[in-house]
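Novice: Give me a 3D structure for the following:
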Amino acid sequence: MQAEADSSMMDTRAPLLSRAIHLEQATIAWNVIEAVVAVGAGIAAGSIALVGFGLDSIIEVIAASALYVRLRAEAQGREENEAAERRALRVVAVTFFVLAAYVAFEAATALLQREAPEASPVGIGLSVFSLAVMPGLAFAKLRAGRALGSAALVADSKETFACAWLSFTLLLGLGANALFGWWWADPVAALAMIPFLVREGREAWEEAEGEEGDGDEGDG
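Specialist: Residues are numbered from 1 along each chain as shown. I've put the predicted structure just below:
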């Protein structure tokens, strides 16, 4: 009976795992493209927010890759689910903190040195397109994570939501600079990203530590 129950559960999870894996593949592919365009355009325009947006895309590739490995491992029955969850959550948490530190340093430097970025039509177009794509992808990952009971996938969906928020703040900063010459709007828009990034990183790390504690109690 137990074997039948386990088989039934796997049959139910298999399509959910497949969907989640495809969502992570889409996340990786899109963010690689986004990173190349954003970093290149940001360097050309001298835009801290745009370069930071590109680095966020690289960080999201790292987080999505960790989730992809974790989901593939479960789909192939190669790894303990709880251990993979904790590792993936910690990777996501660290990527949030790394991005927050980079954005804080670069934005503060730009404000102190009064570095004025050039207008970036490419950056504006990228932020608009990303703002159209990211929320839908984030919601799909959130639903898949909840259906699978995967805290790591839910945390990763929040990082994708962060990308959507970054797209919005990036658009405001680049737009204000292009339309009104407000040079300070770019680093200020970048600074607006930090509280969200730090909060989500802390929550992901605490979730990983909580799961490890639960697992240790269960082992005892």
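
Novice: Would you state the helices of this protein in chain order?
Specialist: In the chain, the segments counted as helices under DSSP state H are 2-45, 48-75, 81-113, 121-148, 151-180, 185-191, 194-219.

Novice: Take those and lay them out in CSV including mean neighbour count.
Specialist: In short, each C-beta sits where N, CA and C put it, glycine included. Shown next, in CSV, are the helices of the chain (neighbours: other C-beta atoms under 10 Å):
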stretch, mean neighbour count
helix 2-45, 16
helix 48-75, 24
helix 81-113, 19
helix 121-148, 19
helix 151-180, 22
helix 185-191, 25
helix 194-219, 15
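
Novice: With mean pLDDT as new columns, can those be given to me in TSV?
Specialist: Below are the helices of the chain laid out as TSV (pLDDT from 0 to 100):
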stretch	mean pLDDT
helix 2-45	82
helix 48-75	84
helix 81-113	81
helix 121-148	91
helix 151-180	82
helix 185-191	77
helix 194-219	73
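
Novice: Once you drop chain neighbours, what's closest to Ala66?
Specialist: Nearest-residue entry for Ala66: Val91, 4.0 Å, with adjacent residues in sequence omitted and distances by C-beta to C-beta, 6 or more residues apart in numbering.

Novice: now do Leu23
Specialist: Per C-beta to C-beta, 6+ apart, closest to Leu23 is Lys141, 5.2 Å.

Novice: Do I have it right that the one you found meets Asp156?
Specialist: Yes. Counting by C-beta atoms under 8 Å, Lys141 does reach Asp156; the two are 6.2 Å apart.

Novice: Identify the contacts common to the two.
Specialist: 24, 27 (C-beta atoms under 8 Å, 6 or more residues apart in numbering).

Novice: ok, now how distant is the residue nearest to Leu23 from Gly40?
Specialist: Separation of Lys141 from Gly40 (C-beta to C-beta, to the nearest Å): 27 Å.

Novice: and what of Gly77?
Specialist: Gly77 sits 41 Å away from Gly40, taking C-beta to C-beta as the criterion.

Novice: ditto for Leu142
Specialist: As judged by C-beta to C-beta, Leu142 and Gly40 stand 30 Å apart.

Novice: Next up, the contacts around the residue nearest to the spatial centre of the chain.
Specialist: Central residue of the chain (C-alpha atoms, centre = their mean): Glu159, 2.9 Å from the mean position. With contact taken as C-beta under 8 Å, 6+ apart, Glu159 is in contact with 59-60, 63, 92, 95-96, 200.

Novice: any chance of those in CSV, plus distance to Ala178?
Specialist: Shown next, in CSV, are those (distance: C-beta to C-beta, whole Å):
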residue, distance to Ala178
Ile59, 26
Glu60, 26
Ala63, 31
Val92, 33
Thr95, 30
Phe96, 29
Glu200, 29
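
Novice: My read is that Ala63 contacts Val92, right?
Specialist: Yes. The pair Ala63 and Val92 passes the contact test of C-beta under 8 Å, sitting 4.6 Å apart.

Novice: For those two, list the residues in contact with both.
Specialist: Common neighbours of Ala63 and Val92 are listed as 156, 159 (criterion: C-beta under 8 Å, 6+ apart).

Novice: before we move on, back to that, would you mind measuring from the residue nearest to the centre of the chain to Trp184?
Specialist: Between Glu159 and Trp184 the computed distance is 27 Å (C-beta to C-beta).

Novice: Over to Val91?
Specialist: According to C-beta to C-beta, Val91 and Trp184 sit 34 Å apart.
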